[in-house]
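Peer 1: quick one: sequence and predicted model below, then my questions.
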Amino acid sequence: MRLLGNKIKQYRKQKNLSQQELAEGICTQATVSLMEKKNKVPSIKIILQICRRLNVSLGDILSGLGSSMDDQFEAISQAIRHDDYPTAGELLTKVNMTSVQNSFDRERYHYYRGFIELNTHNRPDEAIFHFNLLLHRSYRMPWDLYAIVGNVGMASAYVARKEFDKAHYYLNEAAGYLDDFEWHDEANFKRLVWARYQIALMYLELDQPQLVIENVEAALTAVKKQASLYLIDVLYEVRGQAEQALLATVAAKRSLTIAKTLALVTHNVALQERLTTSPLGAVAD
């Protein structure tokens, strides 16, 4: 990984900013100068804030973010986002960890392995082991993203262990990262929405419907901003469940009706069946 100081200078000039103006409230002018002239990498926090001020992604100012294993891990990621953990597990067994040369790929491996241990093998202790490695060894590329998913994973494992105080702690950590996270591409947008959805499901299990609705609304805001249908049908489903728990019957009926309509659009047969056969789904009829 290498900082592209010339790119920072280029984007800064495009916005008609001086080094001092770019640095204001973030770092010193000398730090910006070292970034531009010497490719000096400052703290993670500073890099992220510089990206936000310039409205660019990490990939725009850093080289070496890619990996020869990107395609393998992306296939695993898609399987997990579709709750197809058997396929994800099979794909992960094909990853040769002896050939992994960088920390980023090791982080991704532990992240996916954690979810597979939890959702395929029902081994929350093993999942916690892998999520701990992710969170404690991580230098996070993209940094906020892997802090989010690692904390979501830890919360899932502790919910499975019925250790709800610890689950709440990691849910709060994940939500805190999500509040500051800015996505710049399709993959990170989907991970953000997926994380909000997983958090909402856990808060539903923990009987905190208001927090369910807050996370669903945050996810729906991102989905609508992107003009996407990604997870939008199940987001309305879980919002309807939370509203039902709050005894907001009219709102629940509206949300579940929207979920049923969207399930037809997205060809989500499983959701259509859930909303047709479950007592809660009957509210939308």
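Peer 2: Alright, I've got the coordinates.
Peer 1: low-confidence ranges, this protein, go.
Peer 2: Applying pLDDT under 70 to the chain flags the ranges 1, 44, 63-68, 99-104, 137-144, 182-184, 279-285.
Peer 1: domain ranges for it?
Peer 2: 2-63, 67-181, 207-285 (automatic domain parsing).
Peer 1: mind checking which of those is nearest Arg191?
Peer 2: Arg191 lies closest, by C-beta to C-beta, to one member of the domains of the chain: domain 67-181, at 6.1 Å. In short, each C-beta sits where N, CA and C put it, glycine included.
Peer 1: returning to that earlier point: tabulate the domains of the chain (TSV), appending distance to Arg196.
Peer 2: Formatted as TSV, the domains of the chain follow (distance: least, C-beta to C-beta, whole Å):
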stretch	distance to Arg196
domain 2-63	20
domain 67-181	7
domain 207-285	4
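Peer 1: out of those, which gets nearest to Ala195?
Peer 2: Of all those, domain 67-181 sits nearest to Ala195, with 5.2 Å by C-beta to C-beta.
Peer 1: returning to what we had before: tabulate the domains of the chain (TSV), appending mean neighbour count and distance to Ala200.
Peer 2: Shown next, in TSV, are the domains of the chain (neighbours: other C-beta atoms under 10 Å; distance: least, C-beta to C-beta, whole Å):
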stretch	mean neighbour count	distance to Ala200
domain 2-63	16	25
domain 67-181	18	10
domain 207-285	18	4
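Peer 1: out of those, flag the one nearest Lys190.
Peer 2: domain 207-285 (5.7 Å).
Peer 1: chain center to the closest one, what's the gap?
Peer 2: 20 Å (C-alpha atoms, centre = their mean, to the nearest Å).
Peer 1: same check on stretch 81-100?
Peer 2: So, by C-alpha atoms, centre = their mean, the centroid of stretch 81-100 is 18 Å from its chain's centroid.
Peer 1: and the contacts of it?
Peer 2: 69, 72-73, 75-76, 79-80, 106, 109, 112-113, 115-116, 119-120, 190, 194 (C-beta atoms under 8 Å, 6 or more residues apart in numbering).
Peer 1: quick check: end-to-end length of stretch 199-218?
Peer 2: One end of stretch 199-218 sits 11 Å from the other (C-alpha to C-alpha, to the nearest Å).
Peer 1: repeat that for stretch 257-277.
Peer 2: Stretch 257-277 has an end-to-end distance of 14 Å (C-alpha to C-alpha).
Peer 1: helices along the stretch 51-200 of the chain, start to end?
Peer 2: 58-61, 70-81, 85-93, 103-119, 124-137, 143-160, 164-180, 186-205 (DSSP state H, counting those that start in this stretch).
Peer 1: mind exporting the C-alpha coordinates of the second one to PDB?
Peer 2: These are the backbone C-alpha positions of helix 70-81, laid out as PDB (Å, rounded to 0.1, in the frame of the first residue of the first chain):
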ATOM      1  CA  ASP A  70     -10.400 -10.300  -4.600                       C
ATOM      2  CA  ASP A  71     -12.600 -12.400  -6.900                       C
ATOM      3  CA  GLN A  72     -12.600 -15.400  -4.400                       C
ATOM      4  CA  PHE A  73     -13.500 -13.200  -1.500                       C
ATOM      5  CA  GLU A  74     -16.200 -11.300  -3.400                       C
ATOM      6  CA  ALA A  75     -17.900 -14.600  -4.300                       C
ATOM      7  CA  ILE A  76     -17.900 -15.600  -0.600                       C
ATOM      8  CA  SER A  77     -19.200 -12.200   0.300                       C
ATOM      9  CA  GLN A  78     -22.100 -12.400  -2.100                       C
ATOM     10  CA  ALA A  79     -23.000 -15.900  -0.800                       C
ATOM     11  CA  ILE A  80     -23.100 -14.600   2.800                       C
ATOM     12  CA  ARG A  81     -25.200 -11.500   1.800                       C
END
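Peer 1: quick one: that helix to helix 143-160, angle?
Peer 2: Angle, helix 70-81 to helix 143-160, by axes from the mean of the first three to the mean of the last three C-alpha atoms, to 10 degrees: 40 degrees.
Peer 1: okay, the angle between helix 70-81 and helix 103-119?
Peer 2: Going by the same axes, to 10 degrees, helix 70-81 makes 30 degrees with helix 103-119.
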